[in-house]
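1. Return atomic coordinates for the entry below.
(2 chains)
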Amino acid sequence: SQTIHQWPATLVQPVGSPLSLECTVEGTSNPNLYWYRQAAGRGLQLLFYSVGIGQISSEVPQNLSASRPQDRQFILSSKKLLLSDSGFYLCAGENGSRVQYFGAGTRLSVL
Amino acid sequence: AQSVTQPDIHITVSEGASLELRCNYSYGATPYLFWYVQSPGQGLQLLLKYFSGDTLVQGIKGFEAEFKRSQSSFNLRKPSVHWSDAAEYFCAVVLGSGNTGKLIFGQGTTLQVKP
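-> The predicted structure is shown next:
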């Protein structure tokens, strides 16, 4: 079965600083990959998904971007963080079975 | 638009009591349905899924869920709750055809278990 690794687990960043969150997948090849955000007290919102290297689809307009430089690597970035970017970010992978497996998440606090 | 509704934001049950968490979806076709559980500060763990076939599905940790097409529901149940079941529970539906499956989540239900 596949395993999703995310790091860092916790991150505190000042407003206006850049961001890079990394997600890697183990145990499967050519997975579909997803970034979700969970704001405090709210459900999960899909931010980006990728069906292959260099292929990124954005679900909501925002201050973030995503990249997939390798088959099993998915990166979430920002050039300048906003306060509203605070939240819990989850990466998920899916191997075509329609079942998504999630990483442990990154708690981002923008101050 | 497709959506998933979990009517109960918080539920408190006593340990050993039965549990039912409600989930309703709005989707034109028969969806792929999921229940996930999230412990504080953790990622999501899949409890069970429904794709087709038997409408009563069994999952991990003693949970089960029943798909009712006529009610557009996929309620999660457990006969006897344990203190370790305290967590947040998310119902979700996969949208999309082809080779992507975008999950649409409900807002979640927080389960508190009284000793």
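
2. gap between residue A:109 and residue A:65?
-> Distance, residue A:109 to residue A:65, using C-beta to C-beta, to the nearest Å: 20 Å. Where C-beta positions appear, they are placed from N, C-alpha and C, glycine not excepted.

3. Low-confidence stretches in chain B?
-> Scanning chain B for pLDDT under 70 picks out the ranges B:96-100.

4. Contact distance from chain A - what residues of it qualify?
-> B:32, B:34, B:36, B:41-46, B:49, B:51, B:90, B:94, B:99-108 (C-beta under 8 Å from any C-beta of the partner chain).

5. Buried among those residues? Make that a PyMOL selection.
-> The buried residues among those can be selected in PyMOL (16 or more other C-beta atoms under 10 Å in any protein chain shown) with this line:
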select buried, chain B and resi 32+34+36+42+43+44+46+49+90+94+100+101+102+103+104+105+106+107+108
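
6. So which bits of chain A are right by chain B?
-> With C-beta under 8 Å from any C-beta as the criterion, chain A meets chain B at residues A:4, A:6, A:32, A:34, A:36, A:42-44, A:46, A:49, A:51, A:57, A:59, A:90, A:92, A:94, A:96, A:98-105, A:107.

7. which residue is nearest the centroid of chain A?
-> Residue closest to the mean C-alpha point of chain A, counted by C-alpha atoms, centre = their mean, is residue A:35 at 3.4 Å.

8. For whichever helix or strand that one is part of, C-alpha coordinates in CSV please.
-> Using DSSP states H and E, residue A:35 maps to strand A:32-38. Output in CSV follows, covering the C-alpha atoms of strand A:32-38 (Å, rounded to 0.1, in the frame of the first residue of the first chain):
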residue,chain,number,x,y,z
ASN,A,32,-2.6,11.1,-8.8
LEU,A,33,-1.6,13.6,-6.1
TYR,A,34,-3.7,16.2,-4.2
TRP,A,35,-3.2,19.1,-1.9
TYR,A,36,-6.0,20.0,0.5
ARG,A,37,-6.3,22.8,3.1
GLN,A,38,-8.3,22.5,6.3
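
9. Touching, the residue nearest to the centre of chain A and residue A:87? I think so.
-> No: look at residue A:35 against residue A:87 with C-beta atoms under 8 Å: they stay out of range, at 11.2 Å.

10. Mutual contacts of the two, please.
-> Common neighbours of residue A:35 and residue A:87, counting by C-beta atoms under 8 Å, 6 or more residues apart in numbering or on different chains, are absent.

11. on that earlier part again, so what's the residue nearest to the centre of chain A up against?
-> Residue A:35 sits next to A:23, A:46-49, A:66, A:74, A:76, A:89-91 when contact means C-beta under 8 Å, 6+ apart.
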